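Student: For reference, the sequence and a predicted model appear below.
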Amino acid sequence: MKRLFPLLTALCLTASCKSGAPLLPSVSGKAGEVLVVMEKAQWDETLGSAARGLLASECPFLAISEPLYSLVNIAPGAFGDIFRVHRNIVLFNIAPGVDSTCVFYRKDVWAQPQCVVQLNAPDGDAALALLEESGTNILSAIEQAERDRVIRNTLLYEEAAIHAAIAPVFGGAPHFPSGYKLRKLTADFAWVADDKQYTMQDVLIYSYPATGEGDFEKAEIIRRRNEMARTNVPGMYDNTWMTTSEGFPVSIEYLGYRGRRFVQTRGYWEVENDYMGGPFVSHSFYSPDGSRIIVAEAFVYSPRFDKRQYLRQVESILYSWEWKKEE
């Protein structure tokens with residue numbers, strides 16, 4: 001792939017626990033929630049507005065607006081033991097005696113698995129500049145922590161038979177948690193689903209021959225996706241099938257994650273000749289020998305509920321992809 005792939009920021013979070021230290025309690029708080037420790041006066045003014053603009057910005061590629069994270073504000077004086085075990089903490093340490101303006105990324109400080117981001121600054125203006133400068137890394141740290149929690153639970157409660165069935169077909173596969181079922185498996189397509197009465201969290205895996213430089217262009221990715229979906233993902237009624245919606249933008253981004261390079265595609269799917277639809281995200285990458293393109297896609301259908309967390313959960317599964325080990 002003759003393109004430059006900027007690596008996802010793999011932030012090294014410094015652990016606070018050493019060997020022999022007491023076991024930390026489990027984190028509290030809801031998935032997708034961030035505790036922001038900041039004085040109320042600052043929260044109500046420019047600094048708080050900037051923090052909300054970053055952490056609670058609109059989650060992309062959802063038909064109905066939802067914030068990226070749900071925020072809870074706590075003043076430093078109220079930041080006691082009950083709040084220290086929260087899953088995601090953004091802590092503003094603002095005081096005249098602070099001699100360096102910087103951001104610290106730490107994990108498992110007061111609980112596990114925990115993400116703590118601490119911004120040190122001598123005053124509000126310096127904290128605001130630091131927040132604006134480090135915003136992308138802060139979001140990456142929290143997103144990585146949320147993703148890693150999903151993968152951790154997936155491996156604890158894995159439907160191991162699904163990975164074992166798919167990996168030989170594609171040379172690798174994601175890991176799937178309890179509740180997922182293998183709906184379909186062919187020589188070049190797999191459909192794994194966790195479908196309930198009002199929600200669908202599904203993963204599609206498919207492959208096709210690599211042909212050249214255009215394999216990872218947006219138009220080609222969407223063309224191949226639509227061909228796959230029409231053949232393999234029927235709707236509920238006759239003459240209906242999944243396709244990519246033309247009413248929403250589609251974005252692609254060239255990324256790398258833990259040694260694996262891929263093209264991330266985000267968009268909105270719909271059912272031709274029906275009214276179903278929802279967000280999807282896919283990773284497209286080469287097979288180990290470079291002869292085929294492999295696509296792992298997560299999609300959600302949740303007409304009655306907010307979709308942010310459902311999509312985040314199933315998208316995290318894509319990041320658990322593991323190549324089949326040589327025997």
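Tutor: Noted; the coordinates are in hand. In this text the structure is predicted, and so the values were computed from the model without any measurement. Residues are numbered from 1 along each chain as shown.
Student: just so I have it, where are all the helices in the chain?
Tutor: Assignment of helices within the chain using DSSP state H yields the ranges 40-43, 46-55, 81-84, 124-156, 160-170, 218-232, 308-318.
Student: Redo the ones you listed as CSV? Include distance to D238 and mean pLDDT.
Tutor: Yep, even glycine has a C-beta here, placed from its N, CA and C like the rest. Formatted as CSV, these follow (distance: least, Cβ to Cβ, whole Å; pLDDT from 0 to 100):
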stretch, distance to D238, mean pLDDT
helix 40-43, 55, 96
helix 46-55, 46, 98
helix 81-84, 55, 96
helix 124-156, 36, 96
helix 160-170, 29, 97
helix 218-232, 14, 97
helix 308-318, 28, 96
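Student: Find the one among those with the highest mean neighbour count.
Tutor: helix 308-318 (a mean of 22; mean count of other Cβ atoms under 10 Å).
Student: what's near enough to touch L91?
Tutor: Residues in contact with L91 (Cβ atoms under 8 Å, 6 or more residues apart in numbering) are V37, F79, V116, V117, Q118, L119.
Student: do the same with D194
Tutor: So D194 contacts G179, Y180, K181, M200, Q201, D202, V314 (Cβ under 8 Å, 6+ apart).
Student: Can you spell out which residues form a bridge with it?
Tutor: Q201 (DSSP bridges).
Student: What spatial separation is found between it and A187?
Tutor: Distance of D194 to A187, given as Cβ to Cβ, to the nearest Å: 24 Å.
Student: can you check Y157 too?
Tutor: Counting by Cβ to Cβ - Y157 and A187 are separated by 29 Å.
Student: V295: how many residues sit nearby?
Tutor: A total of 22 residues lie near V295 under the criterion other Cβ atoms under 10 Å.
Student: who's it bridged to?
Tutor: Counting by DSSP bridges, V295 is bridged to Y206, S284.
Student: Is it correct that it is in contact with V203?
Tutor: No - using Cβ atoms under 8 Å, V295 makes no contact with V203, being 10.6 Å away.
Student: related to what we said a few turns ago, for the contacts of D194, give me JSON lines that also has distance to D274.
Tutor: Shown next, in JSON lines, are the contacts of D194 (distance: Cβ to Cβ, whole Å):
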{"residue": "G179", "distance to D274": "26"}
{"residue": "Y180", "distance to D274": "24"}
{"residue": "K181", "distance to D274": "23"}
{"residue": "M200", "distance to D274": "14"}
{"residue": "Q201", "distance to D274": "19"}
{"residue": "D202", "distance to D274": "16"}
{"residue": "V314", "distance to D274": "21"}
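Student: Is it possible to mark the buried ones in those?
Tutor: Y180, M200, Q201, D202, V314 (16 or more other Cβ atoms under 10 Å).
Student: that older thread, neighbour count: Y157 and A187, which is higher?
Tutor: Taking neighbours as other Cβ under 10 Å, Y157 and A187 compare with Y157 leading, 11 against 7.
Student: Verify the stated contact: the more buried one with P177.
Tutor: Yes - using Cβ under 8 Å, Y157 makes contact with P177 at a distance of 5.2 Å.
Student: which ones among the contacts of L91 are found in strands?
Tutor: Among the contacts of L91, the subset assigned to strands under DSSP state E consists of V37, V116, V117, Q118, L119.
Student: OK, contacts around the fourth one?
Tutor: Okay, so that is Q118. L91, N93, V103, F104, R106.
Student: surely the last one meets P113?
Tutor: No - with the criterion set as Cβ under 8 Å, R106 and P113 do not qualify as a contacting pair; they are 12.0 Å apart.
Student: shaky segments in the stretch 1-150 of the chain?
Tutor: Applying pLDDT under 70 to the stretch 1-150 of the chain flags the ranges 1-22.
Student: quick one on the thing from earlier: between the contacts of L91, which is closest to Y301?
Tutor: Within the contacts of L91, the smallest distance to Y301 is 33.2 Å, found for V117 (Cβ to Cβ).
Student: does that closest one have beta-bridge partners, and which?
Tutor: Under the criterion used (DSSP bridges), V117 bridges to V90, Y105.
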